[in-house]
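Engineer: pasting the sequence and the predicted coordinates here, then a few questions.
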Amino acid sequence: MGNEHISKKFDAELEAVRSRVLQMGGLVEQQIARAMDCLALGDMALADQVIADDHRVNALEVGIDEDCVHIIAKRQPAAGDLRMVIAIIKTITDLERIGDEAQKIARMAKLIHEQDRRLSTRFSELRYASNVAIDMVKTALDAFARLDVSAAAKVVKQDQIVDEQFRGVMRQLVTFMMEDPRTISAAIDILFIAKAIERIGDHAKNMSEYVVYLVKGKDVRHISPEEFERETSKTD
């Protein structure tokens, strides 16, 4: 009975930490969406809110990290439980960095509108890329919550879309700068935003890789999307 009680308590502790990871993820998703709204609408108050709220993401990372250290020291988890704790630690690191990228977008959006450095071009490509990146974060978190490796594979495919969009925006901006050097400052601002979105996609992809490690015990970092799909489609 004693061992059963300890096991149930341990499971409850792990579940509580998992829930906080998803809470952190939801906050980060909101930060990205708000940052992009700042760019589209020029809402300075919203930009300031995104920048100020970054400390909430940081605080969650520190708190969850401390919980994981406590679990390792007190419970000495092994096998799947240890993989869960490791996956959580890695996931919150990427979520914190996604929050940093959202803050960068908000700061750059604020600068663009304050200095009226907008290019005479649509932001549709950036908005599309950001929507894909947000969906990647959401899908990676769902995969983590449900231990779903097929959902993780979807994130890897989406990362290729974000990368393609980044390259397209970069080509467009280079054209603007070559045709009119007066657009260089504005183009660089937009390039920073495009790069931040591309980095968000990279971090979401990392999170999906941790899900495969958690479920299958397989390190799938630094492999091709085709190899990733093969690994996730294997039945154990």
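Structural biologist: Perfect, I can see it now. Numbers count the residues shown, from 1 in each chain.
Engineer: burial count for Leu126?
Structural biologist: Residues lying near Leu126 (other CB atoms under 10 Å) number 22. For glycine as for every other residue, the C-beta is placed from the backbone atoms N, C-alpha and C.
Engineer: against which helices or strands is the helix or strand hosting it packed?
Structural biologist: Element membership for Leu126 (DSSP states H and E) is helix 124-146. In terms of contacts (3 or more CB pairs under 8 Å, 6 or more residues apart in numbering; DSSP states H and E), helix 124-146 is packed against helix 2-41, helix 79-114, helix 149-179, helix 184-216.
Engineer: would you pull up how far the helix-or-strand element of the chain with minimal mean pLDDT lies from the middle of the chain?
Structural biologist: Least confident helix or strand, the chain: helix 225-233 with a mean of 77, by mean pLDDT, DSSP states H and E. How far helix 225-233 lies from its chain's middle: 21 Å, per CA atoms, centre = their mean, to the nearest Å.
Engineer: so for that helix, what gets flagged as buried?
Structural biologist: In terms of neighbour count (16 or more other CB atoms under 10 Å), helix 225-233 has its buried residues at Phe228, Glu229, Glu231, Thr232.
Engineer: wait, Val215 sits on Ala151?
Structural biologist: No - the pair Val215 / Ala151 is not scored as a contact, 10.9 Å apart, by CB atoms under 8 Å.
Engineer: what average pLDDT does the helix holding Leu126 get?
Structural biologist: For helix 124-146, mean pLDDT rounds to 94.
Engineer: got a list of what the closest residue in space to Ile134 that isn't next to it in sequence touches?
Structural biologist: Using CB to CB, 6 or more residues apart in numbering and skipping residues adjacent in sequence, the residue nearest Ile134 is Ile32, 5.3 Å away. With contact taken as CB atoms under 8 Å, 6 or more residues apart in numbering, Ile32 is in contact with Ile98, Glu101, Ala102, Ile105, Ser130, Ala133, Ile134, Val137, Ile200.
Engineer: the third one touches Gln31, doesn't it?
Structural biologist: Pointing back at Ala102 there. Yes - contact criterion CB under 8 Å: Ala102 and Gln31 qualify, at 3.8 Å.
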